[in-house]
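1. Take this sequence and fold it.
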Amino acid sequence: MESRPLRYFVAVAEELNFTRAAERLGISSPPLSRAIRQLEKELGVTLFERTTHRVALTPAGTVLLAEAGIALDALQAAGRRVQRAAAPEPKLVLAVKADGDAGLLGPILARYASEPAAVPVTVRLCGQHEQPQLLRRGEADAALVHEPFDRTGLDSEALATEPRVAALAAAHPLVARDSLTLADLGLRPDGLHPVLEETRVVGRDLAQLLTLVGLGGPTPLLPASVAARYPRPGVVYRPVPDAPPAVLVIAWPQQSRSTATAALVRAAASVADTAGDRQAGQVPVSRATDGSTVG
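-> Coordinates of the predicted model:
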């Protein structure tokens, strides 16, 4: 299956209108219709229900839309990775959210520099959970990211596990307590994921989020290293022992065959192993034992 008919299909599936899809693609409607009919013939299925008034996806079309997006993204990502690999001076791009490395970024880069397969590293600072998309689009080779995240097409190695703290405004009534429970915050363990996702979209970065907290805004649950590394006037941190831990991983594309990326993963795992029971910003660091590697 070629990429062009897939791109044509995606345009029609998203527009649900052949005329608008043709305009979007910069072609006329007849060749677009022929391409879709040829694709349906090749697959042996009907992708669209067509009437004089509407175009709708069939169940088979719905499945193909999801799969086609992944396939087209993978092709574009492969092209970007190939172009970077062919550059006169190869480099590795590591995506990291600012303040989201649990204090491990410096030690990882230092350890990586001693690897025989090491190449220069460009650290790409990004927003909340942009890292998985950057990896899938081929714009980054590896990323430090906190779970949970969309793992589609990615492998990962856990590096650090931290308890969580609640960030409170200094005037918040719960500041009087030495520690808190999820119930104190009106939360349940089985309903925590939406709360963590909401925290990720409040403020563009940690500085903005903590500013909002100090003004009496949200009460986010954050990795405990934030409390040690980022004291802020007007913000008080309290441990929440019954909250699930924050897990930092290094992630990379499943199809990666880069020796430089493999060396970075080894360096990150080595730093995590060396940390052992010691504190990273007053936070215990532990290593996963899933044995994952870069192929």
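2. How much space separates the residue lying closest to Thr122 once chain neighbours are set aside from Pro253?
-> Residue nearest to Thr122 in three dimensions, not counting chain neighbours: Val93, with 5.0 Å by C-beta to C-beta, 6 or more residues apart in numbering. Where you see a C-beta, it was placed from the backbone N, CA and C, and this is true even at glycine. Distance from Val93 to Pro253, counting by C-beta to C-beta, to the nearest Å: 12 Å.
3. With Leu65 instead?
-> Leu65 sits 22 Å away from Pro253, going by C-beta to C-beta.
4. Could you do His146 as well?
-> Distance, His146 to Pro253, by C-beta to C-beta: 19 Å.
5. more neighbours, the two?
-> Neighbour count, other C-beta atoms under 10 Å: between His146 and Pro253, Pro253 has more, with 25 against 22.
6. secondary structure class for the nearest residue to the more buried one once chain neighbours are set aside?
-> Excluding the flanking residues, the one nearest Pro253 by C-beta to C-beta, 6+ apart is Leu135, at 5.4 Å. Going by DSSP: H, G, I helix; E, B strand; the rest coil, the secondary structure assigned to Leu135 is helix.
7. May I have the phi/psi pair for Ala56?
-> phi -140, psi 150 (degrees, to the nearest 10).
8. and Pro148, what does it touch?
-> For Pro148, the contact set (C-beta atoms under 8 Å, 6 or more residues apart in numbering) comprises 193, 196.
9. Swap in 10 Å and give it another go.
-> Contacts for Pro148 (C-beta atoms under 10 Å, 6 or more residues apart in numbering) come out as 129, 193, 196-197, 244, 247.
10. For Leu75, the count of nearby residues, please.
-> By the criterion of other C-beta under 10 Å, Leu75 has 13 neighbours.
11. If you could redo that for Phe149, that was the one I meant.
-> As a burial measure, Phe149 scores 17 neighbours (other C-beta under 10 Å).
12. hmm, back to that, now, the contacts of Pro148 that are in strands?
-> Taking DSSP state E as the definition of strands, the contacts of Pro148 contribute Val247.
13. Which members of the contacts of Pro148 are classed as buried?
-> 129, 196, 244, 247 (16 or more other C-beta atoms under 10 Å).
14. Give me the three-state assignment for the residue nearest to Leu168 when sequence neighbours are not counted.
-> Nearest in space to Leu168, with sequence neighbours left out and distances taken as C-beta to C-beta, 6+ apart, is Val236 at 5.0 Å. Secondary structure assignment for Val236 (three-state DSSP): strand.
15. any low-confidence regions in the stretch 51-200 of the chain?
-> 84-87, 197-200 (pLDDT under 70).
16. Quick one: the helices in it, in order.
-> Along the stretch 51-200 of the chain, counting by DSSP state H, counting those that start in this stretch, helices occupy 59-85, 105-113, 131-136, 192-201.
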